[in-house]
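Asker: Have a look at this prediction, sequence included:
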Amino acid sequence: MNIDKNLLKLTSDKKKDFVASILSGVTASIFTILIAYLLSKSINQIFLEKKTLPDIYLLIFFFVIAAVLKAFFVWFEKNKISVVVSDVKKKLRKEINTKLFDEQTGMLLNKKSGELSNTVIKGVETLDAYFSEYLPQLFLSALTPLLILFFVLPLDVLSGIIFIITAPVIPLLMFLIGTKAEALNKKQWKSLNRMSGHFLDVLQGITTLKIFNRAKDEIKRIQEISDAFKSATMKVLKIAFLSALVLELLSTISIAIIAVEIGLRLLYGKMEFQNALFILILAPEFYLPLRQLGSRYHAGLEGLAAFNSIQKLLAIKPKEKIIPLLTAPTFEDNINFTNVSFKYPNRNEPAVKNISFQIKHGETLAIVGESGSGKTTIMNLLMRFINPNEGKISVGETELTSIPENVWYNSVSWMPQTPHIFHKTIYENIAMAKPNTTEAEVIEAAKKAMFHNTILKFKNGYNTMVGEHGATLSGGEIQRLALARAFLRDSEILLLDEPTSGIDSVYEKQLLDSVKELSQNKTVIIVAHRLNTIINAERIIVMDKGEIAGEGNHFELLKVNKVYKTLYNTFKREM
């Protein structure tokens with residue numbers, strides 16, 4: 001009945017609370033039976049045995065106590081299951097976040113941001129209903145009817161047989177409906193993921209759509225996707241409402257059968273009134289857990305559909321296990337690429353093929369090539385966003401994958417071509433590069449990045465909020481902010497993806513001088529797109545179609561390397 005073993009394993013840390021919740025529900029059912037007994041006995045004594053109210057004070061007292069205790073155990077059941085649900089959601093979010101950070105590039109490259117956020121946020125929340133409603137009800141719908149039968153069968157075999165015959169009809173119906181409903185729930189969840197992903201893509205690219213006058217086309221596309229989701233949702237609701245109607249009808253007919261057969265036997269004096277009333281009071285309670293299971297069955301299906309998406313994220317293989325180092329690297333050794341190859345999952349050709357080269361300690365190395373030649377992949381490999389499919393990268397004699405990430409990242413500064421700017425102040429955006437930094441250090445870093453004077457022009461200076469993705473900053477200002485982070489970080493190894501892109505020619509020479517100052521006694525790897533950056537590099541590696549097409553300084557390559565000469569001429573024309 002839709003019990004996923006992997007989902008059930010998530011409750012292992014709170015197994016005691018889960019069991020306590022189920023036992024509390026069963027205990028509440030026991031008090032329901034006791035209440036039915038006390039009520040039937042009290043009515044019997046008043047109306048048939050002609051006893052007065054004082055004669056049943058003790059029964060009333062026990063009735064009130066039983067009602068209070070039932071309410072307590074119902075509350076206790078909800079309280080305990082909420083603890084379990086909270087722990088499960090916390091655990092899942094932690095596992096997903098671990099995957100996001102450990103496998104960041106691979107996950108984000110293969111999934112739309114909207115789909116990912118929908119799975120992480122709504123998907124985890126959808127499991128709330130599965131654990132708090134469906135799963136406990138599944139156990140109670142099996143245990144409570146058995147408990148009632150235990151008391152009913154000795155009193156009236158015929159009523160017990162009717163219970164036994166009619167009860168399985170409801171789970172059978174849910175099973176028959178379930179196959180169709182499960183497929184519809186999966187389809188609905190896929191539609192929701194698709195809609196979320198597409199809608200976020202459109203929001204992020206709204207400016208581009210406006211420029212190319214394609215906004216109306218996208219509105220139609222969003223309408224189509226929304227209609228598909230609406231259609232999938234309505235089909236699910238149709239099944240849910242129809243199944244609820246049939247379940248209610250079946251349980252009502254079953255209770256009516258019990259009432260008729262008891263009424264007829266009472267009429268002919270074949271049954272005691274107190275037993276008859278006791279069974280009649282319990283009849284709705286017998287079918288109630290099964291009816292509730294039917295109404296919560298779709299919450300279970302929705303939870304399973306959401307968990308399938310979550311499992312796909314959790315199934316991503318983690319990075320290779322870190323091997324403890326005998327000697328911690330000093331990063332004063334050379335960085336070696338040895339027969340390194342890497343292919344992205346969604347591509348036919350490798351991004352880099354069997355490349356070998358050395359990055360000497362303290363040198364400034366430029367990597368050039370046309371778009372798609374493998375430059376960015378080399379950066380991603382150095383940043384350990386991805387690991388080689390073949391070959392190895394090492395620092396001295398130490399393989400890069402065996403260096404703990406925190407040790408490596410503490411020694412590396414990375415400035416991507418499109419740096420991420422957080423919705424915080426300028427000061428906070430720069431300061432995040434170095435824990436426990438001082439205001440003076442942040443200002444000095446901004447000055448070196450030629451950003452300080454620009455910051456002072458803002459009304460709130462360093463306390464200016466920059467908006468999401470640096471919405472209030474120009475491209476050049478974003479680049480200078482990212483450079484300020486690199487200056488503040490002051491790491492032993494610098495990875496720069498064209499530090500002067502988006503920078504005015506007025507500032508370019510000054511920035512290059514600052515970068516040169518920053519690069520002293522450091523290893524610097526620059527993905528270069530601009531002529532001045534290339535010329536100033538001590539050594540240049542030329543990439544072409546994922547392979548190394550040449551290596552040397554600017555003047556050497558200009559004489560002998562055709563690929564480099566073509567790139568150089570292109571750079572000159574763009575100046």
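Answerer: The structure has been received and is ready for your questions. For clarity, every value in this text was computed on a predicted model and none was experimentally measured.
Asker: For residue 567, which non-adjacent residue is spatially closest?
Answerer: Nearest residue to residue 567, sequence neighbours excluded (Cβ to Cβ, 6 or more residues apart in numbering): residue 368, at 5.8 Å. C-betas here are computed from N, CA, C, even on glycine.
Asker: Export the strand or helix carrying that neighbour to PDB, keeping only CA atoms.
Answerer: Per DSSP states H and E: residue 368 is located in strand 364-369. Taking Å, rounded to 0.1, in the frame of the first residue of the first chain, the C-alpha atoms of strand 364-369 are listed here in PDB:
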ATOM      1  CA  THR A 364      51.400  33.800 -14.600                       C
ATOM      2  CA  LEU A 365      49.800  31.400 -17.100                       C
ATOM      3  CA  ALA A 366      47.300  32.500 -19.700                       C
ATOM      4  CA  ILE A 367      44.900  30.000 -21.400                       C
ATOM      5  CA  VAL A 368      43.500  31.100 -24.700                       C
ATOM      6  CA  GLY A 369      41.400  29.600 -27.400                       C
END
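Asker: ranges for the helices of the stretch 151-300 of the chain?
Answerer: 157-166, 169-204, 206-211, 215-267, 273-314 (DSSP state H, counting those that start in this stretch).
Asker: got the residue ranges for the strands in the chain?
Answerer: Listed in chain order, the strands of the chain (DSSP state E) span 335-342, 352-359, 364-369, 390-395, 398-399, 412-415, 493-497, 523-527, 539-544, 547-552.
Asker: Mean neighbour count added to the ones you listed, as a markdown table?
Answerer: Output for these, formatted as a markdown table (neighbours: other Cβ atoms under 10 Å):
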| stretch | mean neighbour count |
| --- | --- |
| strand 335-342 | 18 |
| strand 352-359 | 18 |
| strand 364-369 | 24 |
| strand 390-395 | 18 |
| strand 398-399 | 17 |
| strand 412-415 | 21 |
| strand 493-497 | 22 |
| strand 523-527 | 24 |
| strand 539-544 | 23 |
| strand 547-552 | 17 |
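Asker: what's the closest of those to residue 146?
Answerer: strand 335-342 (59.0 Å; Cβ to Cβ).
Asker: That closest one pairs with which strands?
Answerer: strand 352-359 (antiparallel), strand 390-395 (antiparallel) (DSSP bridges).
Asker: The shortest one - what's its average pLDDT?
Answerer: It refers to strand 390-395. The average pLDDT for strand 390-395 rounds to 90.
Asker: How about stretch 236-248?
Answerer: pLDDT averaged over stretch 236-248 gives 75.
Asker: What residue spans form the domains of the chain?
Answerer: Split into domains by automatic domain parsing, the chain comes to 101-314, 363-372+405-574.
Asker: between these, which gets the lowest average pLDDT?
Answerer: domain 101-314 (a mean of 77).
Asker: one step back: would JSON lines of the strands paired with strand 335-342 with distance to residue 345 be doable?
Answerer: Shown next, in JSON lines, are the strands paired with strand 335-342 (distance: least, Cβ to Cβ, whole Å):
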{"stretch": "strand 352-359", "distance to residue 345": "15"}
{"stretch": "strand 390-395", "distance to residue 345": "15"}
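Asker: Could I get the full set of helices for the stretch 451-575 of the chain?
Answerer: Counting by DSSP H, counting those that start in this stretch, the helices of the stretch 451-575 of the chain are 452-457, 475-489, 505-518, 531-536, 554-560, 562-574.
Asker: what helices or strands is the first one leaning on?
Answerer: What it means is helix 452-457. helix 439-448 (3 or more Cβ pairs under 8 Å, 6 or more residues apart in numbering; DSSP states H and E).
Asker: give me that answer again for 10 Å
Answerer: helix 426-431, helix 439-448, helix 475-489 (3 or more Cβ pairs under 10 Å, 6 or more residues apart in numbering; DSSP states H and E).
Asker: most tightly surrounded among the helices of the stretch 151-300 of the chain?
Answerer: Across those, averaging neighbours per residue (mean count of other Cβ atoms under 10 Å) puts helix 273-314 on top, at a mean of 21.
Asker: who's sitting farthest from the centroid in the chain?
Answerer: No residue in the chain sits farther from the centre than residue 50, which is 66.2 Å out by Cα atoms, centre = their mean.
Asker: ok, so what distance separates that one from residue 271?
Answerer: Using Cβ to Cβ, to the nearest Å, residue 50 is found at 20 Å from residue 271.
Asker: What of residue 28?
Answerer: 28 Å.
Asker: For stretch 19-27, what is the distance to the chain centroid?
Answerer: Between the centre of stretch 19-27 and the centre of its host chain there is 31 Å, according to Cα atoms, centre = their mean, to the nearest Å.
Asker: Stretch 276-290 now?
Answerer: With Cα atoms, centre = their mean, you get 43 Å for stretch 276-290.
Asker: And for stretch 478-489?
Answerer: On Cα atoms, centre = their mean, the centre of stretch 478-489 falls 30 Å from the chain's centre.
Asker: ok, back up a step: can you say which of the strands of the chain is nearest to residue 406?
Answerer: Comparing those by Cβ to Cβ, strand 412-415 comes nearest, at 11.1 Å.
Asker: can you pull the contacts of the closest residue to residue 29 other than its chain neighbours?
Answerer: Nearest non-adjacent residue to residue 29, counting by Cβ to Cβ, 6+ apart: residue 144, 4.4 Å away. Going by Cβ atoms under 10 Å, 6 or more residues apart in numbering, residue 144 touches 25-26, 28-30, 32-33, 137, 285-286, 288-290, 292.
Asker: Kindly recompute the last result at 8 Å.
Answerer: Contacts for residue 144 (Cβ atoms under 8 Å, 6 or more residues apart in numbering) come out as 25-26, 29, 285-286, 288-289.
Asker: From those, pick the one nearest residue 343.
Answerer: residue 25 (53.3 Å).
Asker: Touching, that closest one and residue 73? I think so.
Answerer: Yes - between residue 25 and residue 73 there is a contact under Cβ atoms under 8 Å: 7.5 Å.
Asker: Who has more neighbours out of those two?
Answerer: Shown here are residue 25 and residue 73; by other Cβ atoms under 10 Å, residue 25 has more neighbours (23 against 19).
Asker: I'd like the distance between that one and residue 35.
Answerer: The value you get for residue 25 to residue 35, if Cβ to Cβ is used, is 15 Å.
Asker: Ok, residue 350 next?
Answerer: Applying Cβ to Cβ to residue 350 and residue 35 gives a distance of 72 Å.
Asker: Ok, residue 277 next?
Answerer: As judged by Cβ to Cβ, residue 277 and residue 35 stand 13 Å apart.
Asker: Also residue 304?
Answerer: Noted for residue 304: a distance of 36 Å to residue 35, by Cβ to Cβ.
Asker: same question, residue 391
Answerer: 74 Å.
Asker: just residue 128 next, same as before
Answerer: From residue 128 to residue 35 the distance is 30 Å (Cβ to Cβ).
Asker: returning to what we had before: with distance to residue 94 as added columns, please give the domains of the chain in JSON lines.
Answerer: JSON lines is the format used below for the domains of the chain (distance: least, Cβ to Cβ, whole Å):
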{"stretch": "domain 101-314", "distance to residue 94": "11"}
{"stretch": "domain 363-372+405-574", "distance to residue 94": "17"}
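Asker: Out of these, which is closest to residue 13?
Answerer: That would be domain 101-314 among those, by Cβ to Cβ, at 13.1 Å.
Asker: Run a quick neighbour tally on the residue nearest to residue 34 when sequence neighbours are not counted.
Answerer: Of all residues not flanking residue 34 in the chain, residue 66 sits nearest, at 4.8 Å (Cβ to Cβ, 6+ apart). Residues lying near residue 66 (other Cβ under 10 Å) number 20.
Asker: Pretty sure residue 66 sits against residue 37.
Answerer: No - taking contacts as Cβ under 8 Å, residue 66 lies outside contact range of residue 37: 9.1 Å.
Asker: sorry, back to before: out of the contacts of residue 144, the closest to residue 528 would be?
Answerer: residue 25 (67.2 Å).
Asker: Could you pull up the contacting residues of that closest one?
Answerer: 73-74, 77, 136, 139-140, 143-144.
Asker: Which of those residues fall within helices?
Answerer: 73-74, 77, 136, 139-140, 143-144 (DSSP state H).
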